[in-house]
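Asks: coordinates only, no sequence provided:
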């Protein structure tokens, strides 16, 4: 029988040191950017087997846009990183929001089938939602 999943498995890769995602000043407003990483790879922290998938990012820039070469270097850092698929998507979201504070963003990970099961994870963030959460904290809700 295999060992159970541990807290170490669950947290693997979440706080890894990754290359910085650079930005450049946005010149326009009210448009959406979409790009994908069709050959994304990472490693399952429990089995050590590779995970393959497509990561799609859709965001509305505010003051900054993502610089794609630095973003490519960021994604390549996951190739040898032990991290669960769910955490991949949430790390992408966290790190992009930190880099450029978009108006809104959605990150989707479509991972290839393993054992006959395909998976898709989606994580979203918006400035409006973040402001609402801050307002609720201040008012004691």
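Replies: In hand now; what should we look at? This one's a predicted model, so the numbers in the text were calculated from it and none came from an experiment. Numbers count the residues shown, from 1 in each chain.
Asks: got a list of contacts for stretch 98-105?
Replies: With contact meaning CB atoms under 8 Å, 6 or more residues apart in numbering, stretch 98-105 is reached by 20-23, 57-66, 93, 96-97, 124-128. The C-beta positions use only the backbone N, C-alpha and C, and glycine is treated the same way.
Asks: tell me which residues in that stretch are buried?
Replies: Buried residues in stretch 98-105, counted by 16 or more other CB atoms under 10 Å: 99, 100, 101, 102, 103, 104, 105.
Asks: just the element for the residue nearest to the spatial centre of the chain, please.
Replies: For the chain, the residue nearest the mean C-alpha position is residue 92 (1.7 Å; CA atoms, centre = their mean). Counting by DSSP states H and E, the element that carries residue 92 is helix 85-100.
Asks: count of residues packed around residue 53?
Replies: 23 (other CB atoms under 10 Å).
Asks: that one contacts residue 110, doesn't it?
Replies: Yes - between residue 53 and residue 110 there is a contact under CB atoms under 8 Å: 5.5 Å.
Asks: residue 56 bridge partners, please.
Replies: Under the criterion DSSP bridges, residue 56 forms beta bridges with residue 36, residue 108.
Asks: how many neighbouring residues does residue 11 have?
Replies: When neighbours are defined as other CB under 10 Å, residue 11 has 13 of them.
Asks: residue 121 now?
Replies: Counted by other CB under 10 Å, the residues lying close to residue 121 total 19.
Asks: skipping its backbone neighbours, what lies nearest it in space?
Replies: Nearest residue to residue 121 in three dimensions, chain neighbours excluded: residue 89, at 4.2 Å (CB to CB, 6 or more residues apart in numbering).
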